[in-house]
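1. with the input below, show me the fold.
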Amino acid sequence: MFSVTRELTFCYGHRLLQYEGKCRHLHGHNGRVVITLAAPSLDALGMVMDFSRLKRIVGGWIDEHLDHKMLLHREDPVLPFLRQQGEPVYVLDVNPTAENIARLIFEQTAAQGFPVVEVQLWETDTCYAAYRAGAR
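-> Prediction:
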């Protein structure tokens, strides 16, 4: 099995509903997403996937939908106010934890036809969450 990994960065804000710690307040992160693709064989050029294609397609989706956005649960009471103010938001059906954001990026990567096996979302330099193929 061959694998390649690409790291992308983006900035986002969020808060966690029904959480007792500091993360219940609106705050932001300089996130780092690490995407690993795998394949049993290489293409005609000897690659699992061209790194630039992964950056262009998945990085483009992240730039358009997540970068410099507030990632909020659909029931977050601050959502109507932020929308009224014209603030950029991305709405999730789940709490916007690092785990759920990693799964979101994994699913978007897979939907684009990439053979993704794992996505790590680094919220800080010392903390990350991962979502892997076959996880439930």
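
2. where's the residue of the chain most remote from its centre relative to E7, distance?
-> Relative to the mean C-alpha coordinate of the chain, counting by C-alpha atoms, centre = their mean, the farthest residue is A44 (29.7 Å). From A44 across to E7, the span is 26 Å (C-beta to C-beta, to the nearest Å). (C-beta placed from N, C-alpha, C; glycine too.)

3. give me the secondary structure label for the residue farthest from the centre of the chain.
-> The three-state label given to A44 by DSSP: H, G, I helix; E, B strand; the rest coil is coil.

4. tell me who's in contact with the residue nearest to F2 when sequence neighbours are not counted.
-> Spatially, and ignoring its direct neighbours in sequence, F2 is nearest to V48 (4.9 Å; C-beta to C-beta, 6 or more residues apart in numbering). V48 makes contact with 2-4, 37-39, 42, 115, according to C-beta atoms under 8 Å, 6 or more residues apart in numbering.

5. between those, which is nearest Q18?
-> L37 (34.8 Å; C-beta to C-beta).
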